[in-house]
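Trainee: Structure for this input, please:
(one chain, ligands or ions: 1)
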Amino acid sequence: MIQTELKPLLTSISDFDLKTYLTTEKELVEKALDESLPLGKPEKIYEAMRYSLLAGGKRLRPILCLATAQLLGEKKIIAMPTACALEMIHTMSLIHDDLPAMDNDDYRRGRLTNHKVYGEDIAILAGDGLLAYAFEYVAENTKNISAERIVKVLAILGKAVGAEGLVGGQVMDLDCEGKSDVTAETLTFIHRRKTGALLEACVSCGAVLAGASSDDLTRLSIYAQNIGLAFQIIDDILDVTATSEELGKTAGKDISAQKATYPKLWGIETSQAKAEELVKDAIEQLVVYGEKALPLQAIAQYIVQRKN
Ligand code: GRG
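Mentor: Numbering: from 1, shown residues only. Okay, here's the model as predicted:
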């Protein structure tokens, strides 16, 4: 039989219904997050933690973790505690990033920032509470996975948060504010840590939970590093092209805070092209998995097409 008569074996990324996929996954994650953190005493701190954790957002990080575990043949439910922990860590970083001592923002996810509602003292503690709880939540709630894999996940999370990840990236970012001579290398150094490290952790944790081989881990890390950087380039572009309503946070903040950004260095068109190139490479990394990789590949494409 000649090839053209065969039904194509592989559905292409454009045939994959990403909208439905993201909506379904997001609903699952929202429910798990709500159940993960019941109100306790003192109520004030639990309310502040829940205020930001349950404020919506795209839930991209937990979805990446679940999708990676599934790609490698593991049940989603097994990765859910880690997926929730990743969103707790992400939310902590947003609360702290918005503080007056950092980026000083009034709006996030379409509502007032944590410190605007609860005060700076409680906002700092709400972030700390979420960070500590993320680790506790993985350790206490991950079932039917070996202790060795759970310890690996905890180590990945710690590394993504610390000086090699979020903290280091944020320090460099603060250092570069107001400077006009920040190079592309420095900017990439910042964002590989500030944004990329946690996105990579989402994929690596999902992979480790599913018992990934070292080849799987290498491929998936390259995928994640590429989408991480692309995500930040698009974030910088949206800061200049989207409205505050679309973003759910103050637009144009990078200019007013005199931040170094990719559009400032390269212009919008080149920045978009570089992000698309990174995503193309990310998608190629996963071709070896065939149709099973469609969710992760479609997420990569969504990263350069997103509007918020
Ligand atoms: C206190 C230990 C400790 C660490 C925090 C403040 C800080 C150090 C780091 C800042 C990290 C940060 C806020 C990076 C920006 C990443 C980014 C592009 C966030 C926006 O992510 P989206 O668009 O947001 O996925 P939603 O709301 O959709 O989840």
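
Trainee: what does stretch 19-31 contact?
Mentor: 54, 58-59, 62-63, 66-67, 76, 80, 83-84, 87, 295, 298-299, 302 (Cβ atoms under 8 Å, 6 or more residues apart in numbering). C-beta here means a position set from N, CA and C on the backbone, and glycine is covered the same way.

Trainee: Just the pLDDT for Ala212.
Mentor: Per-residue confidence at Ala212 stands at 98 (pLDDT).

Trainee: what's near enough to touch it?
Mentor: Leu72, Leu220.

Trainee: how about a cut-off of 6 Å?
Mentor: Leu72 (Cβ atoms under 6 Å, 6 or more residues apart in numbering).

Trainee: Now, of the contacts of stretch 19-31, which are buried?
Mentor: Buried by 16 or more other Cβ atoms under 10 Å: 54, 59, 62-63, 66-67, 80, 83-84, 87, 295, 298-299, 302, out of the contacts of stretch 19-31.

Trainee: Next, count neighbours for the closest residue to the ligand within the stretch 1-150 of the chain.
Mentor: Across the stretch 1-150 of the chain, the shortest distance to the ligand (Cβ to the nearest ligand atom) belongs to Gly57, at 3.1 Å. Gly57: 22 surrounding residues under other Cβ atoms under 10 Å.

Trainee: for Val171, same thing?
Mentor: Neighbours of Val171 using other Cβ under 10 Å come to 14.

Trainee: Excluding chain neighbours, give the residue nearest to the residue of the stretch 1-150 of the chain closest to the ligand in space.
Mentor: Arg109 (5.3 Å; Cβ to Cβ, 6 or more residues apart in numbering).

Trainee: quick one on the thing from earlier: between the buried ones among the contacts of stretch 19-31, which sits nearest Gly228?
Mentor: Set against Gly228, the nearest of these by Cβ to Cβ is Ile299 (12.1 Å).

Trainee: Is it correct that the residue of the stretch 1-150 of the chain closest to the ligand falls within a strand?
Mentor: No - the assignment for Gly57, made by DSSP: H, G, I helix; E, B strand; the rest coil, is coil rather than a strand.
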